[in-house]
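1. Here's a sequence, model it:
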Amino acid sequence: MIFRRICTFIFGVAIIYITPGYCQGTFMKSFKLGEQSTSQLPPSNSVSHTYSNGGVLYIGTGKGLARSLDGGRSWYSYRLDPAFANEGIFAIAGSGDTIWASTGYDKDVNNESVQTGSGYTVSTDAGVTWRHINQTIDARGDSILTPAYGINDSIWLLPVVVPEQNVTFDIALSPGTVWIASWASGLRKSTDNGLHWQRILLPPDTMTSLKPSDTLWSYAANDSLRQRKIFRKFDPRKNNNFLAFSVYASGNDTIWCGTAGGINKSTDGGNSWVRYNHQNQASPILGNWVIAIREQKFRNIGRLWTTNWKAEDPNEDFGVSYTDDGGRTWNNLLAGVRAYYFAFKDSVAYIATDEGVYRTADGGLSMVKTSSFFDPSSHQAIISPKVYTVEVIGDTVFVGTSDGIASTVDNASNEFGSSWKILRSYQQLSSTDETYAYPNPFSPGSEVTRIHYGIKGQSGSRGPTGGVRIDIFDFGMNRVRTLISDAGRNSGREYDEIWDGRRDDGRTVANGTYFYRIKIDDSDPIFGKILVLQ
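-> Below you'll find the model as predicted:
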């Protein structure tokens, strides 16, 4: 089975190792609500989740949840609000003033890092106050599905009794119902705002559909009179389709759930299901591991998109798929590309991927990709093309990366991706005589370092300096690189300049200590130190 499934057992739950999340602090059991901090900067440069509503942008970062009311110019960080059990944000969803977020952390289990769920944090007043809900955990006697499934009055399901690998990766809200997709504990719903959760039975791997009138029992070979029913036992360790990763609610009754075994559709509020995967259709999805599901609505069309990753079949592929006919047939795009999330503006779809963000206005007949993010006003740059999430507010497209947030305007007057504004967290300087480099130490083979400095002058001054020069020296004070020379920079602002660890001739420097010198106009030079460790 996929993802090293039978690796370790903790109190009866299979621990499945996948990409690690964020390492977090201790769970807090008591708290008060509503604490937040305000800053011009986002709380972290690692942005993996986004959600917008009515012009408000929420981001899930490596240091918790944050909200911006002004397009990213200022941020409210909920990092200090103890209603958030941990800083790791694994999902954000909302409807109107109601916002849900799932949290978690990394836990060491037998020298392996295991993602662990710590619960949900909910606001019903657009982020003013928050309350905590514990992670869904079963008691050992919860192995019988209640209520019974249709004509089947005794359904056995493996109880999930620990939070390890019980992380909620997606949340969906429909009128009166909250849906959660969790890896170990599958798909569940609550109709009382998280007070109680009902387990939802999806088709096992041996079935392509499931309905309450299906017979899910058999009889022993010697039971000729059929006096004792033997009900099937359902176990996520043996069914990829029980490992939930994404969920989307399209109205009151139509629910979609993505798992490691395909995508499941219900049109009766989660009672009956049809499963679509790479193996059971003539025009199937690309890959069975469905990590995101979103719907694009335009011109009376409801186009459902999925991001697909390979599961077990070598014929599966990475990429994205969409359907215009409710799942009967699928159109496949970006084969071989790892994709993470979608955003839409009318007929335009934006796709966050390992290779950057793709844009298509015609269902993939033509696509534009941007993988270079540079802000000409601040000279900030995001080096890696990898984009984890994308969101649209009006004509502004926001992308979240491991190195900050970037935004661009996409309309008739502005070509998509032609100019970016980068929002990045950094430690602000107390004076312009200070400087630092980050990360420090750094490894040129896998990252760059940024030299951070400021220009004297009042904040917001538009007048450029006569020139900035930055030189890099080795430990013997031999110059190895001139990073910039006579570069114009506006006064009253702070800047980053990127060093990739190379000399002027393109060769990578050796391990060791290096010094940099910043010369701004005729002022005295400022020095800093960088440690290179391969």
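2. wait, what's in contact with residue 99?
-> Going by C-beta atoms under 8 Å, 6 or more residues apart in numbering, residue 99 touches 51, 58, 92-93, 122-123, 126-127. In this view, the C-beta of every residue, glycine as well, is placed from N, C-alpha and C.
3. Tell me which of those fall in strands.
-> 51, 58, 92-93, 122-123 (DSSP state E).
4. Quick check: of those, which lies closest to residue 205?
-> Closest to residue 205 out of the ones in strands among the contacts of residue 99 is residue 93 (27.5 Å), distances taken as C-beta to C-beta.
5. give me the low-pLDDT residue ranges for the stretch 251-400 of the chain?
-> Regions of the stretch 251-400 of the chain meeting the criterion pLDDT under 70 are absent.
6. in what helix or strand does residue 325 lie?
-> Element membership for residue 325, per DSSP states H and E: none, as it lies in no helix or strand.
7. related to what we said a few turns ago, Serialize the ones in strands among the contacts of residue 99 to JSON lines and add fields for neighbour count.
-> Shown next, in JSON lines, are the ones in strands among the contacts of residue 99 (neighbours: other C-beta atoms under 10 Å):
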{"residue": "51", "neighbour count": "21"}
{"residue": "58", "neighbour count": "23"}
{"residue": "92", "neighbour count": "21"}
{"residue": "93", "neighbour count": "22"}
{"residue": "122", "neighbour count": "20"}
{"residue": "123", "neighbour count": "23"}
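8. circling back to that earlier point, same list (the contacts of residue 99) but as TSV, adding pLDDT and distance to residue 416.
-> Formatted as TSV, those follow (pLDDT from 0 to 100; distance: C-beta to C-beta, whole Å):
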residue	pLDDT	distance to residue 416
51	97	21
58	97	23
92	97	24
93	97	26
122	97	35
123	97	32
126	93	30
127	94	29
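9. Closest to residue 248 out of those?
-> Checking these one by one against residue 248 (C-beta to C-beta), the nearest turns out to be residue 93, at 9.7 Å.
10. Residue 257 is in contact with residue 246, isn't it?
-> Yes: the pair residue 257 / residue 246 is scored as a contact, 7.1 Å apart, by C-beta atoms under 8 Å.
11. Looking at the two, which is more packed in?
-> Remark: of residue 257 and residue 246, residue 257 carries more neighbours, 29 against 24, as counted by other C-beta atoms under 10 Å.
12. tell me which element the more buried one is part of?
-> Assigned by DSSP H and E, residue 257 falls in strand 254-259.
13. Okay, now the sheet partners of the helix or strand following that strand, with direction.
-> Per DSSP H and E, the first helix or strand lying C-terminal to strand 254-259 is strand 262-266. Strand 262-266 has the following strand partners under DSSP bridges: strand 254-259 (antiparallel), strand 273-276 (antiparallel).
14. Check these for me and report the most buried one.
-> strand 254-259 (a mean of 26; mean count of other C-beta atoms under 10 Å).
15. quick one on the thing from earlier: shared neighbours of residue 257 and residue 246, anything?
-> What both residue 257 and residue 246 touch, as defined by C-beta under 8 Å, 6+ apart, is the set 181, 293.
16. returning to what we had before: contact partners of the strand holding residue 257?
-> 170, 172, 174, 179, 181, 187, 200, 202, 240-250, 263-267, 269-270, 273, 288-293, 304, 306.
17. Just these: which are in strands?
-> Filtering those for strands - DSSP E - leaves 170, 172, 174, 179, 181, 187, 244-250, 263-266, 273, 289-293, 304, 306.
18. Drop anything exposed from those residues.
-> For these, a neighbour count by 16 or more other C-beta atoms under 10 Å gives the buried set as 170, 172, 174, 179, 181, 187, 244-250, 263-266, 273, 289-293, 304, 306.
19. can you tell me how far residue 191 sits from residue 135?
-> 19 Å (C-beta to C-beta, to the nearest Å).
20. more crowded one of the two?
-> residue 135 (23 against 12).
21. Confirm for me that the more buried one is in contact with residue 117.
-> Yes: with contact defined as C-beta under 8 Å, residue 135 counts as touching residue 117 (4.2 Å).
22. Check the contact lists of those two and give me the overlap.
-> In contact with both residue 135 and residue 117: 163, 166, 168, using C-beta under 8 Å, 6+ apart.
23. So, low pLDDT: which residues of the stretch 1-150 of the chain?
-> Ranges of the stretch 1-150 of the chain meeting pLDDT under 70: 1-37, 141-147.
24. Going by residue numbers, what spans are strands in it?
-> With DSSP state E, counting those that start in this stretch, the ranges of strands along the stretch 1-150 of the chain come out as 8-10, 13-15, 37-39, 47-53, 56-61, 64-68, 75-77, 88-95, 98-109, 112-123, 131-133.
25. Out of the ones you listed, which gets nearest to residue 434?
-> Using C-beta to C-beta, the strands of the stretch 1-150 of the chain put strand 37-39 closest to residue 434, at 18.9 Å.
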